[in-house]
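Asks: Take this sequence and fold it.
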Amino acid sequence: MKQMKPFAGKWRIVEMEPWDQDYVDMEVPGFIRIGSDGTGQFQFGLVSRDIDGRVEQCGNAPRFEFSWSGQEENDPVCGRGWAVIENGELNGRIYLHLADDSAFRATKSA
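Replies: Residues are numbered from 1 along each chain as shown. Model (predicted):
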């Protein structure tokens, strides 16, 4: 769990590849929350989800890899994703099973 510590906390999603910030913040300010045990949640637009992740070594850097399940406008959805910390920001990609995927950038919330 030592490797999890830099990823743990609440991160504010400030950029997503295909969607503008108005969509990302449609219901609540977009976020990803990662617990010290690798579980957590994220929400952007009309999508809210629970995540289950692990830190894996990718080259010389740790990478948080996760699966997720939840809802998009009351329809069940699931997928996977990953994130790395670069210059103090959380950068990664979220994949919706058999649908879209998006890069994201997030900053640590206070």
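Asks: give the contact list for the nearest residue to Ser67 once chain neighbours are set aside.
Replies: Excluding its sequence neighbours, the residue lying closest to Ser67 (Cβ to Cβ, 6 or more residues apart in numbering) is Arg80, at 5.1 Å. (Each C-beta comes from the backbone N, C-alpha and C, glycine too.) Neighbouring residues of Arg80 by Cβ atoms under 8 Å, 6 or more residues apart in numbering: 65-68, 95, 97.
Asks: What's the ChimeraX syntax to select whichever of those residues are buried?
Replies: The following ChimeraX line selects those of these that are buried, judged by 16 or more other Cβ atoms under 10 Å:
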select :66,67,68,95
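Asks: picking that back up, flag every buried residue along the helix or strand hosting the residue nearest to Ser67.
Replies: For Arg80, the host element (DSSP states H and E) is strand 75-86. Neighbour-count burial for strand 75-86 flags 77, 79-85 (criterion: 16+ other Cβ under 10 Å).
Asks: Check stretch 38-45 too.
Replies: Buried residues in stretch 38-45 (16+ other Cβ under 10 Å): 38, 40-45.
Asks: that older thread, got the CA positions of the helix or strand that the strand holding Arg80 is followed by in CSV?
Replies: Next helix or strand after strand 75-86 toward the C-terminus (DSSP H and E): strand 89-96. Output of strand 89-96 as CSV, limited to C-alpha atoms (Å, rounded to 0.1, in the frame of the first residue of the first chain):
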residue,chain,number,x,y,z
GLU,A,89,-1.2,16.1,-11.6
LEU,A,90,-3.1,12.9,-12.2
ASN,A,91,-3.1,12.1,-15.9
GLY,A,92,-4.7,9.0,-17.4
ARG,A,93,-7.4,7.4,-19.5
ILE,A,94,-10.8,6.1,-18.8
TYR,A,95,-12.3,3.3,-21.0
LEU,A,96,-16.1,2.6,-21.3
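Asks: Pull up the pairing partners for strand 89-96, direction included.
Replies: strand 75-86 (antiparallel), strand 101-108 (antiparallel) (DSSP bridges).
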